[in-house]
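**Q** Please work out how this folds:
(2 chains)
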2 protein chains.
Amino acid sequence: MKNIDLFHIGDNFNCLFVVTEDVYLHFQEMIGDKNPLHVDTDFAQRKGFKKRVMYGNILNGYISYFIGMGLPSKDVMLISQSINWKKPVYMDDQVNLEAKVSEVSEAVGIVEFKYKFRKKDNVLVASGNIQIKVF
Amino acid sequence: MKNIDLFHIGDNFNCLFVVTEDVYLHFQEMIGDKNPLHVDTDFAQRKGFKKRVMYGNILNGYISYFIGMGLPSKDVMLISQSINWKKPVYMDDQVNLEAKVSEVSEAVGIVEFKYKFRKKDNVLVASGNIQIKVF
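**A** Numbers count the residues shown, from 1 in each chain, chains lettered A, B, ... in the order given. Purely as a prediction, here's the structure:
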C-alpha cells in the first residue's frame, strides 16, 4: 500500500490549539515583529480591537503542526498554503482547525485540503487551502 | 496625507533573514512539529535532502516581520497570504525577501504585494502574494 492511498477525498481532521502567552512570546522572539498592533494594548484598542491582536502567522504555524504530526502518514511535505484572516485572535483563545481533503492526485502524490480555523464559539477566524506532497 | 498614500504600485522592498538554530528551535517549541523531515537528518537524507529541512512556515513568519516592521506605515494588518515552496531551506541559510506592491486600492485601504524568497545564490525558494489593510 502506498502512502497516498491513506488519503481520501472528504477525510476530515480536527486539531485544537490554544494561543498561550508562551506561543505568542516564542513567535515574537523568533521573528522580532514588534508591530504595535501585537505589542501595545492601547494602540490595538484605538484601532478597534479588544486587546493586542495575536500574530496571524501563528495560525500558519499550526498548519505546520497539523501537516507534520496530524496525518495518517509522516512522509509528507508542504507545497503550498494560503490563508484569509476573518477575525482577530486574542491571547488564550482556543482555535480549532478543521481540515478536509478536497483533492487526491495519486499519479503525482499530491493531496489538497480546504481548512477553517474557528474559535470556541464557532466564529470563523481564518480559512484557506493547503497542498502537500506525499512521498 | 493618508497612510494608504505611502504605498505605490511598483514599490520594492528587501528584507534579509537567516534561519539560525535559534529561529528553528523557537518555531519547534512554539508549534511542537516534530515531523522527521525537520528533526531527523537520516530521514531527511533518505528522502533526498541534504540535511534536516527547515519548517516552511518560518518563511510565513518572516512575512509577518516584513509587514509589521518593514513598511512606511505601522498602521497595517494582514488580510491574506499565500506561499508556494520551491526549494528546501536548511539551517543557517540566508533568505532574502523581495516584495513588490502589485495593487493599491485607495477606496478600501488595501495594498497587495507579490513576493519571492531567494537564497544567497539567487535560487528561488518560495513565492506568493500578500494582502494588507492600511488603517
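**Q** show me where pLDDT drops low in chain A?
**A** Within chain A, not a single segment meets pLDDT under 70.
**Q** Run the angle between the longest helix belonging to chain A and helix B:57-69 for me.
**A** Scanning chain A for the helix with the most residues, using DSSP state H, yields helix A:57-69. Regarding helix A:57-69 and helix B:57-69, their directions subtend 180 degrees when assessed with axes from the mean of the first three to the mean of the last three C-alpha atoms, to 10 degrees.
**Q** C-terminal to helix A:57-69, what's the next element?
**A** For helix A:57-69, the following helix or strand on the C-terminal side (DSSP states H and E) is strand A:76-85.
**Q** Tell me the buried residues in that next one?
**A** Neighbour-count burial for strand A:76-85 flags A:V76, A:M77, A:L78, A:I79, A:S80, A:Q81, A:S82, A:I83, A:N84, A:W85 (criterion: 16 or more other C-beta atoms under 10 Å in any protein chain shown). Backbone N, C-alpha and C define where each C-beta goes, glycine included.
**Q** Return the closest of the residues you listed with respect to B:F27.
**A** Of all the buried residues of strand A:76-85, A:L78 has the smallest distance to B:F27: 13.4 Å, by C-beta to C-beta.
**Q** From what I see, the closest one and A:I67 are in contact.
**A** Yes - look at A:L78 against A:I67 with C-beta atoms under 8 Å: they come within range, at 5.8 Å.
**Q** Now do the strands in chain A.
**A** Along chain A, counting by DSSP state E, strands occupy A:12-18, A:76-85, A:94-105, A:110-119, A:124-134.
**Q** about what we covered before: got the CA coordinates for the longest helix of chain A in CSV?
**A** What follows is helix A:57-69, C-alpha atoms only, in CSV (Å, rounded to 0.1, in the frame of the first residue of the first chain):
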residue,chain,number,x,y,z
ASN,A,57,1.1,33.7,11.2
ILE,A,58,0.8,31.7,14.4
LEU,A,59,-2.1,30.0,12.6
ASN,A,60,0.2,29.2,9.7
GLY,A,61,2.5,27.6,12.2
TYR,A,62,-0.4,25.5,13.5
ILE,A,63,-0.9,24.2,9.9
SER,A,64,2.8,23.1,10.0
TYR,A,65,1.9,21.1,13.2
PHE,A,66,-1.2,19.6,11.6
ILE,A,67,0.6,18.5,8.4
GLY,A,68,3.7,17.3,10.2
MET,A,69,2.0,15.4,13.1
